[in-house]
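Enquirer: sequence plus the predicted model coming up.
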Amino acid sequence: MARAEDPRTVLITGCSSGIGLHLAVKLAQDPQQRYHVIATMRDLGKKEKLEAAAGESLGRTLTVAQMDVCSEDSVSACLSSIKGGSLDVLVNNAGLGLVGPLESLNMTDIKKVFETNFFGVVQLIKAVLPSMKQRRRGHIVVISSVMGMQGIIFNDIYSASKFAIEGFCESLAVQLLQFNIFVSLVEPGPVNTEFEAKLMAQISKDNFPGTDPDTLSYFLNIYLPASKEIFQTLGQSPDDVVQAIVQVIGSTRPSLRYQTNALYTPLTALKYADPSGDLSVRTFYRLLFRCQPFFRFSLCCLRCLTGNCLRPRITPM
């Protein structure tokens with residue numbers, strides 16, 4: 001059994017940018033040196049930003065490695081290269097987004113989202129479980145989303161992939177307690193990262209073929225402006241989310257679910273206030289399609305109450 005002072009080995013996926021990059025650096029630069037981080041990414045050609053941010057921790061408490069979570073061979077090769085052959089913490093962060101009217105989305109892109117957000121996570125967890133079970137310890141962290149609890153308009157596919165991983169992890173968590181292995185779902189709301197910026201940049205170039213005029217108008221003139229307002233009001237920085245994840249990893253008895261943004265909690269709570277689902281569906285419908293001035297006024301008030309009206313506005317657009 002490892003000594004208490006030994007650093008815990010943490011493998012993180014999706015570290016070329018955003019939350020993954022910030023988390024890898026934060027853990028690697030831990031003042032108490034409690035962690036050795038294996039920061040993975042699909043394309044090592046994008047490692048320069050991570051290496052620059054890592055500074056002196058690079059090669060000491062942080063190792064950069066190639067891993068494509070959608071490739072069984074890539075996963076096996078990366079895991080077999082780990083010194084000592086075992087992980088203490090696995091952080092599943094790699095993910096893809098997809099936004100737009102369903103009619104305009106092609107099945108290839110839809111399948112790619114599930115291949116990364118669901119099957120990629122399942123494949124990696126499946127690969128690390130035998131070692132964790134044998135040692136009777138481990139912590140599996142999955143970066144999910146509030147969209148895994150509450151469906152959001154025009155995010156149908158992304159939300160579905162997060163719903164899938166939430167159900168998978170909740171089921172798995174029950175039996176893994178018998179092995180002293182914990183599963184934690186971290187559920188951010190809007191986060192201002194390159195992930196969102198790239199997604200919105202792609203949206204601005206799309207023509208949304210196959211979408212009827214009314215739906216396209218709803219998407220462009222109602223959803224996108226509302227999305228900007230929500231990011232301006234509720235959006236967190238990557239550092240805010242990373243700080244929450246660090247606390248989860250440092251917990252001796254971590255919980256199953258953690259929401260990183262308390263301002264978003266009332267929106268997700270609507271779902272659980274009414275088992276029929278009508279309350280959340282009709283509330284969101286009224287706010288977006290019937291009470292837009294009230295919706296914007298509410299966000300404006302919330303922004304000022306939280307001090308965000310005094311800060312520079314950052315959106316993923």
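Expert: Yep, it's here.

Enquirer: what about the closest residue to Arg8 other than its chain neighbours, how many neighbours?
Expert: Once flanking residues are discounted, Arg8 sits nearest to Asp88: 3.9 Å by C-beta to C-beta, 6 or more residues apart in numbering. Glycine gets a C-beta too; all of them are placed from N, C-alpha and C. By the criterion of other C-beta atoms under 10 Å, Asp88 has 19 neighbours.

Enquirer: these two touch, right, Asp88 and Gly138?
Expert: Yes. Using C-beta atoms under 8 Å, Asp88 makes contact with Gly138 at a distance of 6.5 Å.

Enquirer: before we move on, which element is His22 in?
Expert: Counting by DSSP states H and E, the element that carries His22 is helix 18-28.

Enquirer: Ala65 now?
Expert: strand 62-66.

Enquirer: how far does that strand sit from its chain's centre?
Expert: Computed by C-alpha atoms, centre = their mean, to the nearest Å, the chain-centroid distance of strand 62-66 equals 20 Å.

Enquirer: can you measure across stretch 251-263, start residue to end residue?
Expert: 23 Å (C-alpha to C-alpha, to the nearest Å).

Enquirer: next: stretch 41-50.
Expert: First-to-last distance for stretch 41-50 - C-alpha to C-alpha - comes to 10 Å.

Enquirer: same deal with stretch 67-84?
Expert: 18 Å.

Enquirer: give me the buried positions along it.
Expert: For stretch 67-84, the neighbour count (16 or more other C-beta atoms under 10 Å) marks Met67, Asp68, Val69, Cys70, Ser74, Val75, Cys78, Leu79, Ile82 as buried.

Enquirer: same question, stretch 176-184
Expert: Quick answer for stretch 176-184 (16+ other C-beta under 10 Å): Leu176, Ile181, Phe182, Val183, Ser184.

Enquirer: next up, the contacts around the nearest residue to Gly14 once chain neighbours are set aside.
Expert: Ranked by C-beta to C-beta, 6+ apart and with sequence neighbours excluded, the top spatial neighbour of Gly14 is Ala94, at 3.2 Å. Counting by C-beta atoms under 8 Å, 6 or more residues apart in numbering, Ala94 makes contact with Thr13, Gly14, Gly20, Arg42, Val69, Thr116, Gly120.

Enquirer: and the helices in the stretch 51-200 of the chain?
Expert: Here the stretch 51-200 of the chain has its helices, by DSSP state H, counting those that start in this stretch, at 72-80, 107-114, 121-135, 156-176, 194-205.
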